[in-house]
Structures are given as C-alpha cells and as structure tokens.
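Trainee: dropping the sequence and predicted coords here.
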Amino acid sequence: MPPLPLRTQVLLASGFGATGVAVVSLVCGPWLQASAGYSWTAAALFATMMAVVVATVTRHPFARFGPANLVTMLRAALVALVAALLVQPATASTAWFVVTATVVVAALDGLDGWLARQTRMASAFGARFDVEVDAFLILVLSLFVWRHDKAGVWVLACGLMRYAFVAAGWVLPWMNGPLKPTLRGKSVAVGQFAGLGLAMAPIVPVAVSAAVAAITLAALVWSFGIDVMRLWRREGA
C-alpha cells in the first residue's frame, strides 16, 4: 500500500494529538481547579499550532512526517496544555503542573533531533518546527512567572525577544540572514526552560525566583547579542 500523502499524515496525527490533549486536560482539570473551558482552550491552541504545520509541511523534504516531528508534536501538545492554563486561576497546583510539563518538554527537546539524525530525516522544516515550539513555551513560561508574581513585568522580555528578533528582520534585511544552529544557542534555550521553570516553582521564594529570572534573561540577551553582531559583521563584509 502506498504511503498516505504527507499532509494527510499530519492531519491524522494532529487529530490524535488534539484528542489526547482534550483527554489529558479533562483528567487534570479538576486537580488544577480549571474551568470547563480549559479542555476546549488547550485543544484549540494545539489545533492552531498544528494548522500552521499543515500549511507549511510541503517544505518537508520527505514522504513521511517522521518520528522526530511526532516527538516535536508531542512537545507542542504539552505546551498547549500549559498555555491554556494562563486564563485559569493562578494556583499552586497550576504552578507545579507548569514546572512538571516544562521538565518533560525539556527532556524531549534533544530526542527529536536525535531521532531525525538516526532516521536520516533531519531537515530545515523539522528544525524550524522544534525552534517555534521552544519559543512559544519560553513566551508562555515568562507570562506565568509574571502572572504568579515571581518576577516583574521585565521577565516577559525572555519570551518576546525572539519574536522581536524576527520582526527586526522584516525591517532590517541584514537581520534576516541565516544563522547556523550552535551549541551556545541550544544551551541558552534549555537554560530558559530551567531558569523560568525554577522561578515558577512554588517553593522558591520571590527574591530567589526574580534573581534566577534575571540571570536567565541576561543569558538570553548575551546570546542574541552575539547573533546580532555576527549578522551585522556579515552585512559589513
């Protein structure tokens, strides 16, 4: 039997993923003291993320969606479950759920890349999918840290910086140049998960959480600063 068309594969996987998100949110909702709308919000967020994937999957150079992208999709589902809690009451249960989900997403972060290499299905599409899931989680985490009063509004810069970087590329063409993935960039991204996740933990005092968030933001500014300088020097060369 010939394989299903790529877009059909993604649609089917997305349907299973949305069902899983709905089931998990229904099971966890009472413990999280979430409203009945939590399940719908989580499923809608996941569906929106996957709609973008469906629209752009033609850039995927392989006939199969692949196990690496399925792992990234699982990470996207966890991020949707976390993001949907932003409109729910700020409770300790919510905070612990966010911290736990962040640990799982971070643990899976290296698995998708490893699978892509092992199956010889590494691609720019898969790398971009991975980066966008990471970026959205960092934005969501920064919103949680601020909303739970674990750091000032400045912590939102952690989540907004990458989107500001992309927007700058629309105005300044030299900012839109290619950047090779680096160990520094990946390490700083994982550091965002660790720092913001730690800041969210209810057992961490506000003074400590604010300090951790500040260090996390400083590391991100440093990393983006290096990337901007590289692009600027390339433009001037």
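Mentor: Cool, got the structure. Remember, predicted model here, so these are calculated numbers, not experimental data. Numbering: from 1, shown residues only.

Trainee: go through stretch 208-227 and flag the buried ones.
Mentor: By neighbour count on 16 or more other Cβ atoms under 10 Å, the buried set for stretch 208-227 is 209, 210, 212, 213, 214, 216, 217, 219, 220, 223, 224, 227. Quick note: C-beta positions are derived from backbone N, CA and C, even for glycine.

Trainee: what's the offset of it from the middle of its chain?
Mentor: On the basis of Cα atoms, centre = their mean, to the nearest Å, stretch 208-227 sits 17 Å off its chain's mean C-alpha point.

Trainee: mind checking the pLDDT average for it?
Mentor: Stretch 208-227 carries an average pLDDT of 94.

Trainee: stretch 28-36 now?
Mentor: For stretch 28-36, mean pLDDT rounds to 91.

Trainee: change the start of the numbering to 17 and stick with it
Mentor: I'll keep to 17 as the first residue from here, and by that count the last item is stretch 44-52.

Trainee: that stretch: how far from the chain's middle?
Mentor: Using Cα atoms, centre = their mean, the offset of stretch 44-52 from its chain centre is 23 Å.

Trainee: what's in contact with that stretch?
Mentor: 41, 54, 55, 97, 101, 104, 105, 107, 109, 110, 113 (Cβ atoms under 8 Å, 6 or more residues apart in numbering).

Trainee: hmm, back to that, what's the closest of the buried residues of stretch 224-243 to residue 180?
Mentor: residue 240 (8.9 Å; Cβ to Cβ).

Trainee: residues in contact with that closest one?
Mentor: 177, 178, 181.

Trainee: I'd say the last one and residue 193 touch.
Mentor: Translated: residue 181. No - look at residue 181 against residue 193 with Cβ atoms under 8 Å: they stay out of range, at 11.7 Å.

Trainee: so which of these two has more stuff around it?
Mentor: More neighbours surround residue 181 than the other of residue 181 and residue 193, with 17 against 13 (other Cβ atoms under 10 Å).

Trainee: just the helices in this structure please.
Mentor: Remark: helices assigned in the chain by DSSP state H are 22-44, 53-72, 83-99, 108-134, 140-163, 172-187, 199-216, 222-252.

Trainee: closest to residue 141 among the contacts of stretch 44-52?
Mentor: So of these, ranked by how close each gets to residue 141 (Cβ to Cβ), first place is residue 97, at 24.1 Å.

Trainee: how many residues are close by the closest one?
Mentor: By other Cβ under 10 Å, neighbour count at residue 97 equals 26.
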